[in-house]
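Peer 1: fold the following and give me the result.
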Amino acid sequence: MLIGLTYDLQQDYLDDGYSEEETAEFDSIVTIDSLEDVLRAMGHEVDRIGRASNLMERLSRGDRWDLVFNICEGLHGMGRESLVPALLDAFEIPYTFSDPLVCAMTLHKGMAKRIVRDLGLPTPDFAVVSTDAAIAKVNLKFPLFAKPVAEGTSKGVTKDSKCDTPAQLARTCRALLEQFRQAVLVERYLPGREMTVGILGTGERARALGAMEVHLLKDKGAEGEGYSYANKHDWVGKLHYVIVKGPIADEAHALALKVWRGLGCRDGGRVDLRADESGRLNFIEVNPLAGLHPQISDLSILNNLAGFKYPDLIGAIVDSAMERVRSAPAVRA
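Peer 2: Predicted coordinates:
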């Protein structure tokens, strides 16, 4: 099978003049090489396509693939993660991971929380603000937590994200609005355990890979009250990753699967959860295009801690995508 590989290589964008933080979600050459090696070892041909603009050019030339393994994050706008899936849908080319609707809806954390809340699943009370007037009208119980509404890799999450007073909330929100030029999600801060659940598969065939808790070693220099941008990108010696066991793991798996299926996510990704004062887990956000660096991405770390190898993870994602392709209705003549 010929598999195209779409991705955003961080170095390409750095060479174009973008900053490290602007390109933080993009992939290193280690990830691309590792994906190609695994796919070739599975017996597939691999064609490196690269970013969305490359895909558009290749499609216009008439190039086609049996499957596209898509990890493109995009750079601009709320629909940036939807661009590649939408292009591939237009040309009826199957691909891994979620469709354009899911990619756009889950990128906007506030929109995803509205749907999860409508599904009857627990998520912290929240507001989405984009002006000083909206910040002043936030009517939620402190402490609160503020972050950009549509960023990944914990961009915009800092030691100032936890806000204990209206004045602190206003300062943090204004700084985020200025830096990221997008709305800010403000939600009630939950003081309990934080974990991420890896999911593989689609619909009723989706299964939990495991739940992983990130321990912040504050005595070793870990920052703040959460899994911040600084903690993620300078984590050696400051974080400790552990697989969650027991009833709390069962609760995490069950909630994550309900979220995953309810939102329509596909093939593989992560659901982030945090416990409230009573210990009840709440939905925080979902990542349907999770990082796949073999050593340092959360999904890969979780996969390794669960006792599996990197090829097992990639193979399960491809198998899920191909199962969807085989069960899809016949294409119109």
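Peer 1: residue contacts, the nearest residue to E73 once chain neighbours are set aside?
Peer 2: Spatially, and ignoring its direct neighbours in sequence, E73 is nearest to E25 (4.6 Å; C-beta to C-beta, 6 or more residues apart in numbering). C-beta coordinates here come from the backbone N, C-alpha and C atoms, glycine included. By C-beta atoms under 8 Å, 6 or more residues apart in numbering, the residues touching E25 are D8, E73, E151, G152, T153, K155, G291.
Peer 1: let's see it at 7 Å
Peer 2: Going by C-beta atoms under 7 Å, 6 or more residues apart in numbering, E25 touches E73, G152, T153.
Peer 1: so can I have TSV of those residues showing neighbour count, pLDDT and secondary structure?
Peer 2: Putting the contacts of E25 into TSV (neighbours: other C-beta atoms under 10 Å; pLDDT from 0 to 100; DSSP: H, G, I helix; E, B strand; the rest coil) gives the following:
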residue	neighbour count	pLDDT	secondary structure
E73	23	94	coil
G152	17	85	coil
T153	18	77	coil
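Peer 1: of the residues you listed, closest to L177?
Peer 2: L177 has its nearest neighbour among the contacts of E25 in G152, at 18.2 Å by C-beta to C-beta.
Peer 1: tell me which element the closest residue to that closest one other than its chain neighbours falls in.
Peer 2: Nearest residue to G152, sequence neighbours excluded (C-beta to C-beta, 6+ apart): E25, at 4.8 Å. Under the criterion DSSP states H and E, no helix or strand holds E25.
Peer 1: just want the most central residue of the protein.
Peer 2: The centre of the chain sits closest to N287, judged by C-alpha atoms, centre = their mean, with a distance of 2.4 Å.
Peer 1: and V186, bridged to which residues?
Peer 2: With DSSP bridges as the criterion, V186 is bridged to A127, A146.
Peer 1: right, and it touches P143 too?
Peer 2: No. V186 is beyond contact range of P143, at 10.9 Å (criterion: C-beta atoms under 7 Å).
Peer 1: between the two, which is the more surrounded one?
Peer 2: Each of V186 and P143 had its neighbours counted (other C-beta atoms under 10 Å), and the higher figure belongs to V186 (28 against 16).
Peer 1: got a list of what that one touches?
Peer 2: By C-beta under 7 Å, 6+ apart, the contact list for V186 reads F126, A127, V129, V138, L140, L144, A146, L169, C173.
Peer 1: quick check, pLDDT for the third one.
Peer 2: Here the pLDDT value assigned to V129 is 98.
Peer 1: so what's the residue count around it?
Peer 2: 25.
Peer 1: need phi/psi at it.
Peer 2: Dihedral pair for V129: phi -120, psi 150, per degrees, to the nearest 10.
Peer 1: tell me how far it lies from C173.
Peer 2: Noted for V129: a distance of 6 Å to C173, by C-beta to C-beta, to the nearest Å.
Peer 1: so for the two, which residues contact both of them?
Peer 2: Common neighbours of V129 and C173 (C-beta under 7 Å, 6+ apart) are I135, V184, V186.
Peer 1: can those go into JSON lines with extra columns for distance to G201?
Peer 2: JSON lines is the format used below for these (distance: C-beta to C-beta, whole Å):
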{"residue": "I135", "distance to G201": "40"}
{"residue": "V184", "distance to G201": "33"}
{"residue": "V186", "distance to G201": "33"}
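Peer 1: now, which of those sits nearest D164?
Peer 2: Nearest to D164 among the shared contacts of V129 and C173, with distances taken as C-beta to C-beta, is V186, at 13.1 Å.
Peer 1: you'd agree V46 is up against E36?
Peer 2: Yes. Counting by C-beta under 7 Å, V46 does reach E36; the two are 4.8 Å apart.
Peer 1: the two: which is more packed in?
Peer 2: V46 (20 against 17).
Peer 1: help me confirm that the more buried one is found in a helix?
Peer 2: No. Assigned with DSSP: H, G, I helix; E, B strand; the rest coil, V46 falls outside any helix and is strand.
Peer 1: at which residues are the strands of the stretch 151-300 of the chain located?
Peer 2: Along the stretch 151-300 of the chain, the segments classed as strands by DSSP state E, counting those that start in this stretch run 162-163, 184-188, 194-200, 207-216, 239-243, 268-275, 281-287.
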